[in-house]
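Asks: need a structure here:
(6 chains)
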4 protein chains.
Amino acid sequence: MSRPDRRKQLLLCARRVFAKEGYHGASIDDVIRKAGVARGTFYNYFDNKRALFQNVLEELFEQIWTSVTPIETGSAEGVRAQIVANFVSLFTMLENDPDVPRILLAGSTGLDPVADRALGRFYQDCRTRLSKALARGQDLGIVGPGDTTALAICIMGILKEYWSQLLLGSKPPALAKFLTEIHRFFESGWLQNEAASPR
Amino acid sequence: MSRPDRRKQLLLCARRVFAKEGYHGASIDDVIRKAGVARGTFYNYFDNKRALFQNVLEELFEQIWTSVTPIETGSAEGVRAQIVANFVSLFTMLENDPDVPRILLAGSTGLDPVADRALGRFYQDCRTRLSKALARGQDLGIVGPGDTTALAICIMGILKEYWSQLLLGSKPPALAKFLTEIHRFFESGWLQNEAASPR
Amino acid sequence: MSRPDRRKQLLLCARRVFAKEGYHGASIDDVIRKAGVARGTFYNYFDNKRALFQNVLEELFEQIWTSVTPIETGSAEGVRAQIVANFVSLFTMLENDPDVPRILLAGSTGLDPVADRALGRFYQDCRTRLSKALARGQDLGIVGPGDTTALAICIMGILKEYWSQLLLGSKPPALAKFLTEIHRFFESGWLQNEAASPR
Amino acid sequence: MSRPDRRKQLLLCARRVFAKEGYHGASIDDVIRKAGVARGTFYNYFDNKRALFQNVLEELFEQIWTSVTPIETGSAEGVRAQIVANFVSLFTMLENDPDVPRILLAGSTGLDPVADRALGRFYQDCRTRLSKALARGQDLGIVGPGDTTALAICIMGILKEYWSQLLLGSKPPALAKFLTEIHRFFESGWLQNEAASPR
DNA sequence: TATGAATGAGGCTTCATTCAT
DNA sequence: TATGAATGAAGCCTCATTCAT
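Replies: Numbers count the residues shown, from 1 in each chain, chains lettered A, B, ... in the order given. Now for the predicted structure:
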């Protein structure tokens, strides 16, 4: 097997193992057994377990970023369509490849220091990009007023929580329904307007 | 030291250690060193590390639940006040005792199977209670229409994400500001109404 | 077995193993097998192989230094007697406990960086002390003129080489004979005086 | 590259690596990286690491022996000149190619059994030759009376110790000064004659 | 009830060597 | 003759847990 192929194979196996067992639960043994490869072979490709996880993480980040495409500013309608397309693309990817959310959601701490920081940077990255996109949305009149960082945190939290519940097996509403719900939520909030309620 | 006191002391030390090091990073050694107790003593009080973590978790759950009080149905205004009081109480507790969110947010997976399930049950519990509260809110006309489970997930996600970012050091907006922001969000959403936008 | 006793036992076994196998050839396995102790036990007493070797070395240094006693200045005759006594004591120790020279001579390099430096310091220490002793000897009229550092190097080299040959099995002259020989050497050199030779 | 050339190149690289890292610290990887050659290639030239070291050692021995030329018996003066020439040649070589003493002094034990024996034989060889030369020196009236084996050991020890200190960085006197000192030493010893001292 | 020495399974990593291409 | 991917034995170290005192 060629070097790059073997590397890919190992990364794939590692991703599966990390998804199933978590960082600490995963052992190099698990990985090489799944790959059908000798112990030494593994270390010809990766310096150590941490480096392996780093590499897996980077692949996941990559996979996330390639699933969404930067939005081309145009008519508000066109932008809306692109947003929807991005969401669909991201969600489809996450559903087809559940290892991605499983690994990304599993550990926000306690993995190893380097991986922790990498994950931290990734989520901060997400927040920053989302925040900027929301700011542009405000310019286009698609997004209402408000602190875009706070909004970005809200959106990320909602998505992460939904997927967490999915993975934990606590049967949240089906994705389509959930999206409909949060769309309403995004549009008009969920509190009866205080001014309106006495009405 | 009396048996229950010793037990409490060990639980407290364990909580600190788990908060600082994470489940896997924490060692029994850390705990007994902090408690100034011999190895064997520890095992007189807890069967094993997993049981210890179980117990710590249960304490945390307890602490969360005692920080909020069930809402007494009355006037909409009274209910609103109680909701606010609950939020204030919860947030105060989380801020005063950061080990609580640290441990609860740290591992949604990859700890050990039993602890994982306990955490899962806890969050499902949160969702259920929140969902029921929201349903009652709908009856009272405080909460707008919509699937309360979906809403509960949104709220939990937002809170968890905010605290995660706080703990990871990625400097989210200050809590007061964030609450103002999400209050606006909760009230009127953040998308410009499509129907309204062409207007 | 009490903690200090176990520690002594492990150090003794380790010393034997290091003497027989050399630093790299020695494995923790060898040590614990000889000590009849579990792997973990070993690590309750020493941080790692390097620390173990450090400790063994320090014991050896100690053993060397306690085998010689500082010389009390008095009559030249008295000093000579003390020197002889020191040599006898040192040699007796080295002969009774051949692991001492075996380990000290085995590796002047390539062990591990820390141990290397420790050994280096030890030999430098020897050189310094010897050099000072020789200087005092010059004051007393026992030692002739000359650079005492150079002399110290010569003496150490001679002793080390003799013992090396002994340990390598290349049958040098018996110790008593060797001492007689070098005594002559020390007294009058071994070159026929050039000035004298044409005589 | 022709087979003998490749072999020479590998031996040269190996020598450098062994000198820098010591026998155990050196890895085949280091050697082939320095040589710019594939793993398999290396094993086409040498059976294994031990054989490689063997070969390096043999080269070193060769280099030592070619640096000195057998002494042609003639006048005492002529012999003295040849001896000086040999010392100069040997020292020059050792100074120009410090890898030679570095490897020869590094391990008198603990390398691998075969190499150990080879080194042992070499030093025994040195001793034998030196001893014979000294015996001839006695015949010529250049060397004083005494056991030539003991003398040989002394001389070897002194040289080895001086070079050891040099390589360990413990700043011995400069070579020229050291040689002057030991010359005095060789000529007339360093102990004040006991018979003389009461004088 | 407390102690702390002892345990050993389990995991990570290295590196000399082989072999099919 | 050269290549370099693959091997696996061998070694180091950790840490939850046990048990005799």
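
Asks: What values do phi and psi take at A:F46?
Replies: phi -140, psi 140 (degrees, to the nearest 10).

Asks: From A:L10, how far off is the closest residue to it other than its chain neighbours?
Replies: Take A:F46 and drop its neighbours on the chain: the residue closest to it by C-beta to C-beta, 6 or more residues apart in numbering or on different chains is A:L52, 4.4 Å away. All C-beta spots, glycine's among them, are computed from the backbone N, C-alpha and C. According to C-beta to C-beta, to the nearest Å, A:L52 stands 8 Å off from A:L10.

Asks: Show me the shaky parts of chain A.
Replies: A:107-111, A:190-199 (pLDDT under 70).

Asks: And the helices in chain A, which stretches?
Replies: Using DSSP state H, the helices of chain A run over residues A:3-25, A:28-35, A:39-45, A:49-67, A:76-96, A:99-106, A:113-140, A:148-168, A:175-188.

Asks: Give me the buried stretch members for the fifth one, please.
Replies: By neighbour count with 16 or more other C-beta atoms under 10 Å in any protein chain shown, helix A:76-96 contains the buried residues A:76, A:79-80, A:82, A:86, A:90-91, A:93-94.

Asks: Show me which of those residues is closest to D:T41.
Replies: A:M93 (45.6 Å; C-beta to C-beta).

Asks: and that closest one, what is it in contact with?
Replies: A:M93 makes contact with A:63-64, A:67, A:100 under the criterion C-beta atoms under 8 Å, 6 or more residues apart in numbering or on different chains.

Asks: cool, A:R127 as well?
Replies: Contact partners of A:R127, counting by C-beta under 8 Å, 6+ apart, are A:149, A:152-153, A:156, B:165, B:170.

Asks: can you do 7 Å?
Replies: By C-beta atoms under 7 Å, 6 or more residues apart in numbering or on different chains, A:R127 lies in contact with A:149, A:152-153, A:156.

Asks: could you dump those to JSON lines with distance to C:E181?
Replies: Output for the contacts of A:R127, formatted as JSON lines (distance: C-beta to C-beta, whole Å):
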{"residue": "A:T149", "distance to C:E181": "88"}
{"residue": "A:A152", "distance to C:E181": "88"}
{"residue": "A:I153", "distance to C:E181": "87"}
{"residue": "A:M156", "distance to C:E181": "86"}
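
Asks: So which bits of chain A are right by DNA strand E?
Replies: Counting by C-beta under 7 Å from any atom of the strand, chain A comes close to DNA strand E at A:26-29, A:39-40, A:43-44, A:47-50.

Asks: Would you pull up the residue in chain A closest to DNA strand F?
Replies: A:G40 (1.4 Å; C-beta to the nearest atom of the strand).

Asks: ok, that residue - how many residues close by?
Replies: 8 (other C-beta atoms under 10 Å in any protein chain shown).

Asks: same deal with the one 5 residues further on?
Replies: Each residue near A:Y45 was counted by other C-beta under 10 Å, and the total is 18.

Asks: again with the one 4 residues further on
Replies: Counted with other C-beta under 10 Å, the neighbours of A:K49 add up to 19.

Asks: Tell me who's in contact with it.
Replies: A:K49 touches A:I28, counting by C-beta under 7 Å, 6+ apart.

Asks: how about a cut-off of 8 Å?
Replies: Per C-beta under 8 Å, 6+ apart, neighbours of A:K49: A:26, A:28.

Asks: mind checking how far it is from D:A133?
Replies: 61 Å.

Asks: A:Q9 contacts A:A35, correct?
Replies: Yes. A:Q9 lies in contact with A:A35 (C-beta atoms under 8 Å); the separation is 5.8 Å.

Asks: who's more crowded, the two?
Replies: Neighbours were counted for A:Q9 and for A:A35 using other C-beta under 10 Å; A:A35 has more, 20 against 16.

Asks: Isn't the more buried one up against A:R15?
Replies: No. The pair A:A35 and A:R15 does not pass the contact test of C-beta under 8 Å, sitting 11.5 Å apart.

Asks: Any of the residues of chain A next to DNA strand E buried? List them.
Replies: So, by 16+ other C-beta under 10 Å, the buried ones in the residues of chain A next to DNA strand E are A:26, A:28, A:49.
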